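1. Only the shape, not the letters, is given here:
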């Protein structure tokens with residue numbers, strides 16, 4: 001149960017209108033739990049909407065790059081709620097494959113990523129770990145992005161860190177239609193090793 005109870009229907013006309021603005025046109029499910037909690041403070045929700053909607057609908061970064069940043073930022077913050085919401089809809093619409101979504105949630109940057117996307121992942125990791133960006137990480141981004149896009153990247157990564165704080169701090173449970181946050185990979189079995197008693201062999 002969330003620490004602050006979300007609003008439930010029937011909503012007041014103003015809240016109904018505000019919540020629908022936060023959802024994609026034609027959405028078949030109820031407004032997100034996060035949105036319904038935020039509207040306990042409608043003034044705050046209104047101010048947040050302007051930035052969130054602007055980043056998603058009017059950004060300068062390619063959609064797939066935006067979703068890679070969101071997937072990495074929410075995964076590094078351990079926010080299964082927001083990771084699952086984007087993975088179920090916007091990330092796949094942007095062109096991220098299931099394997100890429102899993103890789104974005106896994107530690108490290110493997111060789112399957114393009115140089116542009118590897119630079120994004122590395123930069124998000126540095127920001128998460130240090131709240132700074134090293135010169136090599138910045139230089140790697142500058143190969144692929146203009147100044148306007150770099151500013152947007154920094155705001156985007158920070159915004160989804162903020163959203164992760166909200167969802168984690170409120171103890172929001174994952175949306176029923178969202179994708180499940182991938183757990184850590186199973187440790188590899190050593191060749192010829194014997195399983196210990198009670199170990200599940202797959």
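-> Cool, the structure landed. Keep in mind it's a predicted model, so treat the numbers as computed, not measured.
2. wait, isn't residue 178 in contact with residue 81?
-> Yes. Using C-beta atoms under 8 Å, residue 178 is in contact with residue 81, at 7.4 Å. Every C-beta, even on glycine, is put in place using the N, C-alpha and C of the backbone.
3. so where's this structure uncertain?
-> Within the chain, the ranges that satisfy pLDDT under 70 run 25-26, 183-202.
4. For residue 110, grab phi and psi.
-> Phi and psi for residue 110, reported as degrees, to the nearest 10, are phi -90, psi 180.
5. Provide a list of residues in contact with it.
-> Contact analysis of residue 110 by C-beta atoms under 8 Å, 6 or more residues apart in numbering lists residue 103.
6. And for residue 89?
-> Counting by C-beta under 8 Å, 6+ apart, residue 89 has contacts residue 24.
7. cool, and the one 5 residues further on?
-> For residue 94, the residues meeting the contact criterion (C-beta under 8 Å, 6+ apart) are 62, 63, 64, 66, 67.
8. which residue packs closest to residue 133, ignoring adjacent ones?
-> Excluding the flanking residues, the one nearest residue 133 by C-beta to C-beta, 6 or more residues apart in numbering is residue 126, at 5.6 Å.
9. ok, how many other residues are close to the one you found?
-> Residues contacting residue 126 under the criterion other C-beta atoms under 10 Å number 17.
10. That one: which element?
-> Applying DSSP states H and E as the criterion places residue 126 in helix 115-130.
11. any idea which helix or strand comes after that helix?
-> Moving toward the C-terminus from helix 115-130, the next helix or strand (DSSP H and E) is helix 135-142.
12. In terms of secondary structure, what does the helix of greatest length in the chain contact?
-> The helix that spans the most residues within the chain, counting by DSSP state H, is helix 147-169. Contacts defined by 3 or more C-beta pairs under 8 Å, 6 or more residues apart in numbering; DSSP states H and E place helix 147-169 against helix 33-38, helix 42-57, helix 63-76, helix 80-88, helix 115-130, helix 135-142.
13. okay, the angle between that helix and helix 42-57?
-> Orientation of helix 147-169 against helix 42-57 (axes from the mean of the first three to the mean of the last three C-alpha atoms, to 10 degrees) gives an angle of 130 degrees.
14. Identify each buried residue in helix 147-169, please.
-> 149-150, 152-153, 156-157, 159-161, 163-164, 166-168 (16 or more other C-beta atoms under 10 Å).
15. Then stretch 104-119?
-> By 16+ other C-beta under 10 Å, the buried positions in stretch 104-119 come out as 104, 105, 109, 113, 116, 117, 118, 119.
16. And for stretch 138-150, what's in contact with it?
-> Contacts for stretch 138-150 (C-beta under 8 Å, 6+ apart): 60, 61, 115, 116, 118, 119, 120, 122, 123, 153.
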